[in-house]
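Engineer: Let me see the structure of the following:
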Amino acid sequence: MPMVTNGARRTIELKLDRRGVQDRPPAMKYIDEYRDSKLARAAVDELARVTTKPWVLMEICGGQTHTLMRYGIDELLPAGVEMVHGPGCPVCVTPLETVNKAIHIASMKDVTLVSYGDMLRVPGSDTDLLRVKASGSDVRIAYTPMEALKIARANPNRRVVFLGIGFETTAPANAMAVYQARREGLKNFSMLVSHVLVPPAIRLLLGSNGNRVQGFIAPGHVCAVMGYWQYEELARDYHVPIVVAGFEPLDLLRAILMLVKQLEQGRADVENEYSRSVTREGNRTAQKLMERVFEVCDRKWRGVGSIPASGMRLRPEYADFDADKIFGLEEVTAEEPPECISAMVLQGLKKPIDCPAFGIRCTPEKPLGAPMVSAEGACAAYYQYRRPLGVPEGDTAGERKR
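Structural biologist: Residues are numbered from 1 along each chain as shown. Below is the predicted model:
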């Protein structure tokens, strides 16, 4: 895989324009169109023409971060346009307490813990779910919470717990699982809930003393569920432009161009680049289901702290399916490793390569924090795509000298 550290412009051409490769499969509609190198270069050229001042922009979603790094998009931007990375990786912001709770529950002999695969590598205070699984505990990977319901139906003598984490994107499916379990009277199923909401986190960032961000790329998948009307208040209150974007290279280049144009013109509007999937109102059916099962609450974000009204928990009428209550874990607390700077990374105050432990004492094999192991983590993106050419894994000294 070509690296983006050197020759970013060449890299994006290799990534985006491979029509000459003989074994290329037939063109895939709505994928190739958003990786077209000519359109990408046109967007980059237009950015160079319209940019007259330095601007700091933040993409919220970790999936967008990986696209930026993989295709070298941030290195194609005008010198004055800087991308910083936000708290939009659901695994990364899941509090350490929740990870410790999941490990504790999974260690019980009569429990089957079901989780998304990313969570198994996330370090708790002493171990992780992957090691717990290796020691003999029944920990299973699922792509949907409905798989956990199937396991619960098939194993009535075991307590089946689904680790329900994530942003508004995964909340409807998790809500449906709990709703269905209640309808069926599935008493051996429960959920350890740690859902978070994007707009309160953006408000916290904008109100912080160290904030440098002047424009936001909002996460397209979250907005596909929730719409983008909630962001209009943020844009108005803080006079900051926000653009909803998808996850392909051209999505992000166009979103960056839209933000820069707004900033150069002194505007602060919410615009929708991802109109093929997102409407202002969002998916009202999904929203109603979430509202029926969950209620808004304060939520601690890993490394960041508690953010008011930034989370969701099960409503009291679903208490029989609340793993926190069933296992008596509501008061569990934990302290973050002092060497890990993931909180600064998630707030856009530092880059992963600013961390002294990056690639040395913190690697995907031995992570200090969740951003190094999550498929959407900024540290994992830098580790995979920003090590210099010719430098072996784990040696980042050359990168720090750049």
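Engineer: low pLDDT regions in this structure?
Structural biologist: 1-30, 387-402 (pLDDT under 70).
Engineer: Closest to the centroid, which residue in it?
Structural biologist: residue 89 (2.0 Å; C-alpha atoms, centre = their mean).
Engineer: State the phi and psi torsions of the closest residue to that one other than its chain neighbours.
Structural biologist: For residue 89, ignoring the flanking residues on the chain, the nearest one in space by C-beta to C-beta, 6 or more residues apart in numbering is residue 62 at 3.4 Å. Just so you know, the C-beta spots here come from the backbone N, C-alpha and C atoms, and that holds for glycine as well. Reported as degrees, to the nearest 10, the phi and psi values for residue 62 are phi -70, psi -30.
Engineer: how many neighbours does residue 62 have?
Structural biologist: With neighbours defined by other C-beta atoms under 10 Å, the count for residue 62 comes to 27.
Engineer: Any figure for the gap between residue 137 and residue 113?
Structural biologist: Noted for residue 137: a distance of 7 Å to residue 113, by C-beta to C-beta, to the nearest Å.
Engineer: An error on my part: the question was meant for residue 63.
Structural biologist: For residue 63 relative to residue 113 (C-beta to C-beta), the value is 25 Å.
Engineer: With residue 165 instead?
Structural biologist: Note on residue 165: its distance to residue 113, by C-beta to C-beta, is 13 Å.
Engineer: and if you look at residue 83?
Structural biologist: Distance of residue 83 to residue 113, given as C-beta to C-beta: 36 Å.
Engineer: And those two? Which one has more around it.
Structural biologist: Set residue 83 next to residue 113 and count neighbours by other C-beta under 10 Å: residue 113 wins out with 28 against 22.
Engineer: could you point out the longest strand in this structure?
Structural biologist: In the chain, assigned by DSSP state E, the strand with the most residues is strand 305-314.
Engineer: Partner strands of that strand and their direction?
Structural biologist: Strand pairing for strand 305-314, using DSSP bridges, gives strand 189-196 (antiparallel), strand 294-301 (antiparallel).
Engineer: And the helices in the stretch 201-350 of the chain, which stretches?
Structural biologist: Secondary structure of the stretch 201-350 of the chain (DSSP state H, counting those that start in this stretch): helices at 220-226, 229-238, 249-265, 284-293, 323-326, 342-346.
Engineer: now the second one against helix 249-265, angle please.
Structural biologist: In other words, helix 229-238. Between helix 229-238 and helix 249-265, the angle comes out at 30 degrees (axes from the mean of the first three to the mean of the last three C-alpha atoms, to 10 degrees).
Engineer: so what does helix 229-238 touch, helix or strand wise?
Structural biologist: If contacts are counted by 3 or more C-beta pairs under 8 Å, 6 or more residues apart in numbering; DSSP states H and E, helix 229-238 sits against helix 198-207, strand 242-245, strand 270-272.
Engineer: Please produce CSV containing those, extended by distance to residue 340.
Structural biologist: Below are these laid out as CSV (distance: least, C-beta to C-beta, whole Å):
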stretch, distance to residue 340
helix 198-207, 19
strand 242-245, 29
strand 270-272, 33
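Engineer: Go through those and name the closest to residue 329.
Structural biologist: helix 198-207 (23.8 Å; C-beta to C-beta).
Engineer: and that closest one, which residues are buried?
Structural biologist: 198, 199, 200, 201, 202, 203, 204, 205 (16 or more other C-beta atoms under 10 Å).
Engineer: Report the angle between it and strand 294-301.
Structural biologist: Going by the same axes, to 10 degrees, helix 198-207 makes 40 degrees with strand 294-301.
Engineer: Output helix 198-207 in CSV, but only the C-alpha positions, please.
Structural biologist: Extracted C-alpha coordinates of helix 198-207, given in CSV (Å, rounded to 0.1, in the frame of the first residue of the first chain):
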residue,chain,number,x,y,z
VAL,A,198,-22.4,14.3,19.1
PRO,A,199,-23.9,17.9,19.5
PRO,A,200,-23.1,18.2,23.2
ALA,A,201,-19.5,17.2,22.6
ILE,A,202,-19.1,19.9,19.9
ARG,A,203,-20.6,22.5,22.2
LEU,A,204,-18.0,21.5,24.9
LEU,A,205,-15.2,21.8,22.4
LEU,A,206,-16.4,25.2,21.2
GLY,A,207,-16.7,26.5,24.8
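Engineer: list the helices and strands that helix packs on?
Structural biologist: If you count contacts as 3+ C-beta pairs under 8 Å, 6+ apart, helix 198-207 packs onto strand 55-61, strand 81-88, strand 215-219, helix 229-238, strand 305-314.
Engineer: please redo it, this time with the cut-off set to 6 Å
Structural biologist: helix 229-238, strand 305-314 (3 or more C-beta pairs under 6 Å, 6 or more residues apart in numbering; DSSP states H and E).
Engineer: Pull the residues that contact the longest strand of the chain.
Structural biologist: 193, 195-197, 200, 204, 294, 296-301, 322 (C-beta atoms under 6 Å, 6 or more residues apart in numbering).
Engineer: Looking at neighbours, which among those residues is most surrounded?
Structural biologist: Going by other C-beta under 10 Å, residue 193 tops the contacts of strand 305-314 with 28 neighbours.
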